[in-house]
Each structure stands twice: as structure tokens, then as C-alpha cells.
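Asks: 3D model of this:
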Amino acid sequence: MEYEKLFAKMNQFTINKFEDDDFEMAGKVCDWRNHVPDALKKDWKFLTQREKEIIFLMAEQQASAEKWD
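Replies: Model prediction:
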């Protein structure tokens, strides 16, 4: 199943990176926190661990695709 592949990828990330959810401290380039919609940032503390993992994976994929000169 595709979700299982995504969660296997999730396990490759360090826990520190995933738990570093201080959105105000997001870096300018290739930071997953920049790709989380504002509505989800506001509700982050109310989301389940699984919901956070899914959002993190999507945001991390977007951040890693950024191209900067």
C-alpha cells in the first residue's frame, strides 16, 4: 500500500526534525514548516500523531523539491 511506503519513509527522518514544530522558527529554505497551511499550524497541538506524520511527509516532500540558487 502507498501509505505504508510513506510511513516507511517517515521512519527515515530523525525524531528531532519531526518534533521541531515551532513554526515561527522556520528557516527560509527547504524547511518543511513553511509548507504547512496556516489552518493546520493553528490546530497542530490538537492533531493526532498520524495526522502530523502525514502533514509532515507532504510538507517535507515540498520543501525538498525547492530549488534555490
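Asks: pLDDT weak spots in the chain?
Replies: Across the chain, the stretches falling below the confidence threshold (pLDDT under 70) are 1, 3, 6-18, 69.
Asks: how about Arg20: what's its closest non-neighbour residue?
Replies: Residue 20: Asp, not Arg. Once flanking residues are discounted, Asp20 sits nearest to Arg33: 7.8 Å by C-beta to C-beta, 6 or more residues apart in numbering. All C-beta atoms are positioned from the backbone trio N, CA, C, and that covers glycine.
Asks: what's the neighbour count on Trp32?
Replies: 23 (other C-beta atoms under 10 Å).
Asks: that one against Glu60, yeah?
Replies: Yes. Look at Trp32 against Glu60 with C-beta atoms under 8 Å: they come within range, at 4.4 Å.
Asks: give me the common contacts of these two.
Replies: By C-beta atoms under 8 Å, 6 or more residues apart in numbering, Trp32 and Glu60 have no common neighbours.
Asks: tell me who's in contact with the closest residue to Lys28 other than its chain neighbours.
Replies: Leaving aside its sequence neighbours, Lys28 sits nearest to Asn34 (C-beta to C-beta, 6+ apart; 7.9 Å). Taking C-beta under 8 Å, 6+ apart as the criterion, Asn34 is in contact with 26-28, 59, 63.
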